[in-house]
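> What would the 3D arrangement of this be:
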Amino acid sequence: MNNPLINPGIGTVVWMLVSFGILAFILIKFGWPVILKSLQKREEAIAESLNEAAKAREEMKGLVAHNEELLRQAKMERDEMLRNARAASEQIVDEARTKAQAEAARIVESAKESINYEKLKAMHELKNQIANLSIEIAEKLIRAELSDKPNADALIAKELELMELK
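Numbers count the residues shown, from 1 in each chain. Here you go, the predicted model:
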């Protein structure tokens with residue numbers, strides 16, 4: 001079993017140690033600072049990201065509070081608008097009711113005036129008819145009186161009887 005991998009020779013071990021030492025020296029001299037810089041940059045980037053995330057979280061809390069305030073103000077404005085709209089509608093209804101009552105009163109007054117006018121007109125016509133009848137009676141009486149006294153009395157009684165019937 002002379003397998004060089006299982007039983008390495010002393011020379012191979014020495015060269016492996018020298019090669020490893022040179023590789024370690026090169027890595028320590030040139031690679032290690034780069035690796036450390038990379039790790040430090042990564043650490044700083046992570047810390048910065050965490051800080052930004054914290055700031056963003058705080059801003060979000062502020063925005064949420066601001067949004068809640070805006071929502072509360074919008075609700076207050078909406079409620080105020082609704083109150084104003086209700087008040088305006090009540091005012092319009094009251095004005096319409098007042099106008100309707102005034103119009104109804106005016107119509108009633110106009111109807112009363114019209115009734116009074118028609119009543120006066122009817123009374124005037126009645127007076128005219130009574131006056132015409134009185135004139136006719138007087139005319140007939142005068143004619144009858146002038147012609148015959150007994151006939152005049154009969155004529156007056158007859159005319160009075162006719163007036164009572166009407």
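
> Can I get stretch 153-165 in PDB, CA atoms only?
What follows is stretch 153-165, C-alpha atoms only, in PDB (Å, rounded to 0.1, in the frame of the first residue of the first chain):
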ATOM      1  CA  ASP A 153    -158.300 100.700  -3.900                       C
ATOM      2  CA  ALA A 154    -158.800  97.300  -5.600                       C
ATOM      3  CA  LEU A 155    -155.800  97.800  -7.700                       C
ATOM      4  CA  ILE A 156    -153.600  98.600  -4.700                       C
ATOM      5  CA  ALA A 157    -154.800  95.500  -2.800                       C
ATOM      6  CA  LYS A 158    -154.200  93.300  -5.900                       C
ATOM      7  CA  GLU A 159    -150.600  94.700  -6.400                       C
ATOM      8  CA  LEU A 160    -149.800  94.200  -2.700                       C
ATOM      9  CA  GLU A 161    -151.000  90.600  -2.900                       C
ATOM     10  CA  LEU A 162    -148.800  90.000  -6.000                       C
ATOM     11  CA  MET A 163    -145.700  91.400  -4.200                       C
ATOM     12  CA  GLU A 164    -146.300  89.200  -1.200                       C
ATOM     13  CA  LEU A 165    -146.300  86.100  -3.500                       C
END
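
> Pull out the buried residues from that stretch.
155, 159 (16 or more other CB atoms under 10 Å). C-beta coordinates here come from the backbone N, C-alpha and C atoms, glycine included.

> How far does it sit from its chain's centre?
Offset of stretch 153-165 from its chain centre (CA atoms, centre = their mean, to the nearest Å): 81 Å.

> mind checking how far residue 95 is from residue 89?
Applying CB to CB, to the nearest Å, the value for residue 95 to residue 89 is 11 Å.

> same deal with residue 45?
For residue 45, the distance to residue 89 - CB to CB - is 63 Å.

> cool, and residue 157?
77 Å.

> Check residue 30 too.
Going from residue 30 to residue 89 by CB to CB gives 86 Å.

> ok, now residue 41?
69 Å.

> Same question for residue 131.
62 Å.

> try residue 64
37 Å.

> Also residue 159?
Applying CB to CB, one obtains 72 Å for the distance of residue 159 from residue 89.

> centre of the chain versus the element among helices and strands of the chain having the smallest mean pLDDT, how much separation?
Every helix and strand of the chain was ranked by mean pLDDT, DSSP states H and E. The lowest is helix 149-165, at a mean of 74. Helix 149-165 has its C-alpha centroid displaced from the chain centroid by 84 Å (CA atoms, centre = their mean).

> longest helix of the chain?
Using DSSP state H, we find that the single longest helix of the chain is helix 32-147.
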